[in-house]
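>>> The sequence and its predicted three-dimensional model are supplied below.
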Amino acid sequence: MKHLLLALALASPAGAASITETWSGAGPTPCLNRCSLEWAETLLTKEEMAELEAVRAQQPDPEYISVDDGTTFSLMTYYKERPIGYRTTTLAVLDQQEGSFGWQMDGWAFVRLEACGNWSIIRGRVQPALTYAYVPSQPSSAAFLPVVTVFTPTTVTTRPWTPDVTPDPVGPSPVPLPASIWMLLAALTGLAYMRQRA
């Protein structure tokens with residue numbers, strides 16, 4: 001399926017002019033933690049940065065956004081002795097879904113790809129599959145912790161996962177004696193009774 005999609009995109013006149021690269025996951029020049037968010041923001045246009053700031057004012061923490069086979073990027077960053085960004089149309093050619101964290105605007109998303117840490121712009125409306133809590137670890141990198149998301153047909157409620165550790169007010173339940181102990185006690189009681197009668 002992915003090769004058919006790529007062939008169709010490259011065979012059409014518009015596709016041949018617009019799609020210049022493909023992305024299949026972490027390659028030989030990943031950003032990892034070497035491409036900071038501040039640097040990646042310098043690659044955005046003034047209009048894109050204004051939209052991103054407006055969304056971040058409402059949603060400061062990035063959300064999980066899935067990257068599916070056939071997803072198109074209009075910005076891709078790499079690290080080749082220094083951070084580098086390319087404004088090219090890149091097609092995702094994937095065997096399985098990849099993940100990213102970022103912010104969804106109207107018609108595009110600014111994300112950091114999980115596989116390689118590259119900052120990218122995803123074109124089109126994308127729907128986050130899960131919700132994650134953002135916990136910053138360093139100024140230039142981020143750590144993300146999953147939270148439980150409860151889906152119902154009409155609403156989505158998100159709450160942090162906490163282990164169920166309700167203390168037992170009575171204490172641990174007693175361990176029952178095996179049947180053989182009871183039988184031994186009954187036999188000893190019977191012998192003691194017979195001895196007393198004699």
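In hand now; what should we look at?
>>> Ends of stretch 30-44, what's the gap?
With Cα to Cα, to the nearest Å as the measure, the ends of stretch 30-44 fall 20 Å from one another.
>>> pLDDT (mean, whole number) over it?
The average of the pLDDT scores along stretch 30-44 is 92.
>>> Next: stretch 177-184.
Confidence over stretch 177-184 (mean pLDDT, whole number) is 79.
>>> Equivalent analysis for stretch 122-132, please.
Per-residue pLDDT values across stretch 122-132 average out to 57.
>>> And the strands in this structure?
Secondary structure of the chain (DSSP state E): strands at 19-23, 63-67, 72-79, 83-86, 89-92, 98-104, 108-113, 119-123, 132-138, 141-146, 148-151, 156-159.
>>> and these, which one's lowest on average pLDDT?
Looking at the strands of the chain, the lowest mean pLDDT belongs to strand 148-151 (a mean of 43).
>>> isn't Leu91 right up against Thr72?
Yes: checked against Cβ atoms under 8 Å, the pair Leu91 and Thr72 is within contact range at 5.7 Å. Where you see a C-beta, it was placed from the backbone N, CA and C, and this is true even at glycine.
>>> Of the two, which one has the most company?
The residue with more neighbours, out of Leu91 and Thr72 and counting by other Cβ atoms under 10 Å, is Leu91; that gives 23 against 16.
>>> Thr29 versus the more buried one, what's the distance?
Relative to Thr29, Leu91 is positioned 18 Å away (criterion: Cβ to Cβ, to the nearest Å).
>>> go on, Tyr78?
When distance is defined by Cβ to Cβ, Tyr78 is 4 Å away from Thr29.
>>> Could you do Thr189 as well?
Counting by Cβ to Cβ, the gap from Thr189 to Thr29 is 83 Å.
>>> quick one, which of those two is more surrounded?
Regarding Thr189 and Thr29, a neighbour count based on other Cβ under 10 Å identifies Thr29 as having more, with 13 against 10.
>>> isn't that one right next to Met76, touching?
No: using Cβ under 8 Å, Thr29 makes no contact with Met76, being 10.5 Å away.
>>> contacting residues around Ser24?
Ser24 is in contact with Ala92, Val93, Leu94, Asp95, counting by Cβ atoms under 8 Å, 6 or more residues apart in numbering.
>>> Can you select the buried ones from these in PyMOL?
In PyMOL, the members of those classed as buried (16 or more other Cβ atoms under 10 Å) are selected with the following command:
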select buried, resi 92+93+94
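>>> For Glu63, name its beta-bridge partners.
Beta-bridge partners for Glu63, by DSSP bridges, are Gly102.
>>> meant to ask about Glu21, not that
As for beta bridges, Glu21 partners with Thr90 under DSSP bridges.
>>> what's the burial count for it?
As a burial measure, Glu21 scores 12 neighbours (other Cβ under 10 Å).
>>> my guess is it contacts Arg87, does it?
No: Glu21 is not in contact with Arg87 according to Cβ under 8 Å; the separation is 11.4 Å.
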